[in-house]
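S.K.: Below are the sequence and a predicted model for it; my questions follow.
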Amino acid sequence: MTSPPTTSRSTALQALIRIASDDHVAIALRPLAAGESLSVGGIVVTAHTDIPSGHKIALVPVMTGEEVRRYGWPIGRATAAIRPGDHVHSHNLATGLVGEEPYSYRPVESRLAASADTRGFHGYRREDGSVGTRNQIWIIPTVGCVGRTAQRMAADAARRLAGRVDGVLALSHPFGCSQLGDDLDATAGVLAALAQNPNAGGVLLLGLGCEENQLAPLLDRVPAHRHARIRTLGAQMSLDENEEGARAIDALAEMMASDRRERVGLGALRLGLKCGGSDGLSGLTANPLIGRAADAVVAAGGAALLTEIPEMFGAERLLMARASDEAVFDRLVTLVNGFKRYFLDHGEPVSENPSPGNVEGGITTLEEKSLGAVQKGGRAAVADVLRYGEVMRRQGLNVLEAPGNDAVSTTALAAAGATLTLFSTGRGTPLGSPVPTMKLATNHALATRKPGWIDFDAGGVLDVGEGGGLDATTDRLLERICAVASGEPARNEINDEREIAIWKRGVTL
């Protein structure tokens with residue numbers, strides 16, 4: 001069992017690309033006109049209808065009920081007979097996913113060669129040995145009632161401390177009260193995890209006083225070595241919370257004054273891996289490119305964090321086969337089937353994906369979306385499996401529990417310890433998380449149309465000639481990652497798009 005193959009430069013000369021030799025479909029690299037005859041891999045087909053870029057055209061006949069293959073794997077079953085030249089999409093293809101599945105431990109060798117990459121960046125080394133790409137003050141409210149207070153404090157402090165720290169962020173959210181049991185515990189857990197992110201040189205935990213998510217238990221969740229960089233403030237107990245908050249923030253800034261960037265290797269990075277607004281080219285360009293970057297970081301001794309568990313359904317066996325041992329495999333099986341059970345218990349099918357934007361971009365089924373999405377994890381062995389709100393404890397590729405929702409999953413990545421996130425998109429999004437969130441466009445058109453959102457054009461993976469192809473584009477991306485990790489602002493930072501969202505799963509009182 002192997003990962004879906006990535007794109008080769010030679011295929012980019014054609015209007016179509018067939019990823020695996022036994023695929024039933026090819027992908028249009030440009031819009032195809034009805035009646036247009038094209039060749040790919042020795043097969044000549046004539047398009048029966050207009051086919052948009054990123055969409056699928058059938059190369060071989062497929063009978064009703066038979067599996068359709070892309071990436072060398074099934075992406076669903078034909079709901080009608082498909083002829084060569086047909087547009088293959090929602091009108092004749094449907095998911096084959098049903099629910100929880102049995103899995104067998106069948107490992108494959110998945111080791112990356114030791115890295116000789118001399119790339120590095122200038123980051124902030126922390127007391128626990130981790131390295132931040134930023135030296136910021138994060139104000140984390142325990143409860144939504146003081147969310148606006150946190151925002152005012154952050155805005156005032158950002159003006160007052162300009163040039164002394166890399167920024168002051170208020171990580172406001174609507175939760176922390178009217179929650180019970182596991183739901184409250186999850187909120188507290190993710191906030192405590194955010195307080196440990198290496199990009200936060202200082203943290204102010206801002207409470208109200210009467211909420212369920214109390215300051216003292218929240219602080220107890222944070223390791224003791226981190227407490228020196230944390231201040232707490234209960235607004236109800238303060239005569240003037242704004243004045244007291246300003247003093248606490250200034251004290252943090254004074255402590256951080258001695259923090260300096262130093263040169264570190266690529267292995268000091270903790271990369272978050274994310275996709276959103278995907279299209280039919282995501283699995284051909286940006287996602288394999290992110291996988292290459294993740295492999296480079298892991299091979300250098302660093303960490304990569306892959307999340308969006310529902311967007312692994314249909315491709316989960318690729319990751320399970322790369323589990324570093326049977327215990328990791330078992331945790332991954334529990335996580336995947338548990339997430340499927342979460343859907344089923346709420347009366348929803350596990351295949352309730354892709355989104356309307358994904359469909360318009362050419363993705364038909366969840367299996368197809370997942371087979372493209374997991375390529376962000378590269379080829380490394382899965383070193384660990386993390387529950388929502390857990391902080392990473394091992395280097396290498398980590399699989400993290402979180403839904404596909406962009407805001408929730410990017411927050412979970414930051415909470416787990418990601419210091420920079422790579423976010424592929426075929427349709428574009430301005431969204432950002434507390435850490436630099438680099439957007440990779442899957443195609444040149446998006447990169448040209450939305451330069452204010454996009455940090456890197458991954459469309460070069462399909463270009464030919466000098467500077468084109470996967471290898472050259474990977475080199476350019478790694479250089480850009482190192483520049484952003486060293487302090488060059490990502491687009492989300494320039495646009496002040498740095499929100500958090502918490503995954504709420506329980507009742508509200």
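M.R.: Nice, thanks for sending it over.
S.K.: Tell me which residue lies nearest the centroid of the chain.
M.R.: Taking C-alpha atoms, centre = their mean, the centroid of the chain lies closest to Lys274, which sits 1.7 Å from it.
S.K.: Just say helix, strand or coil for that one.
M.R.: strand (DSSP: H, G, I helix; E, B strand; the rest coil).
S.K.: What is the longest strand anywhere in the chain packed up against?
M.R.: Secondary structure assigned by DSSP state E gives strand 200-207 as the longest strand of the chain. Judged by 3 or more C-beta pairs under 8 Å, 6 or more residues apart in numbering; DSSP states H and E, strand 200-207 is in contact with strand 136-141, helix 147-160, helix 215-220, strand 230-234, helix 241-256. (C-beta placed from N, C-alpha, C; glycine too.)
S.K.: If we use 7 Å, what do you get?
M.R.: Helices and strands touching strand 200-207, by 3 or more C-beta pairs under 7 Å, 6 or more residues apart in numbering; DSSP states H and E, are strand 136-141, helix 215-220, strand 230-234, helix 241-256.
S.K.: hmm, back to that, for the residue nearest to the centre of the chain, what are its contacts?
M.R.: When contacts are counted by C-beta atoms under 7 Å, 6 or more residues apart in numbering, Lys274 touches Ser409, Thr410, Leu413, Thr421, Leu422, Phe423.
S.K.: quick check, nearest of those to Pro489?
M.R.: Thr421 (14.1 Å; C-beta to C-beta).
S.K.: May I have the longest strand of the chain exported as CSV, CA atoms only?
M.R.: Extracted as CSV, the C-alpha positions of strand 200-207 are listed here (Å, rounded to 0.1, in the frame of the first residue of the first chain):
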residue,chain,number,x,y,z
ALA,A,200,3.7,33.5,22.7
GLY,A,201,6.6,35.1,24.5
GLY,A,202,4.1,36.2,27.1
VAL,A,203,0.5,35.3,28.0
LEU,A,204,-2.2,37.1,29.9
LEU,A,205,-5.0,34.8,31.0
LEU,A,206,-8.0,37.2,31.5
GLY,A,207,-11.0,35.9,33.5
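S.K.: and that strand, which strands flank it?
M.R.: strand 136-141 (parallel), strand 230-234 (parallel) (DSSP bridges).
S.K.: Which of those strands sits closest to Asp455?
M.R.: Comparing those by C-beta to C-beta, strand 136-141 comes nearest, at 18.9 Å.
S.K.: got the angle between the closest one and helix 147-160?
M.R.: In terms of direction (axes from the mean of the first three to the mean of the last three C-alpha atoms, to 10 degrees), strand 136-141 departs from helix 147-160 by 160 degrees.
S.K.: Give me the angle between strand 136-141 and helix 241-256.
M.R.: 150 degrees.
S.K.: pLDDT of strand 136-141, averaged?
M.R.: Averaging pLDDT along strand 136-141 gives 98.
S.K.: same deal with stretch 197-213?
M.R.: Rounded mean pLDDT across stretch 197-213 is 98.
S.K.: gap between it and the chain center?
M.R.: 24 Å (C-alpha atoms, centre = their mean, to the nearest Å).
S.K.: List the buried residues of that stretch.
M.R.: Neighbour counts over stretch 197-213 (16 or more other C-beta atoms under 10 Å) mark 197-208, 211-213 as buried.
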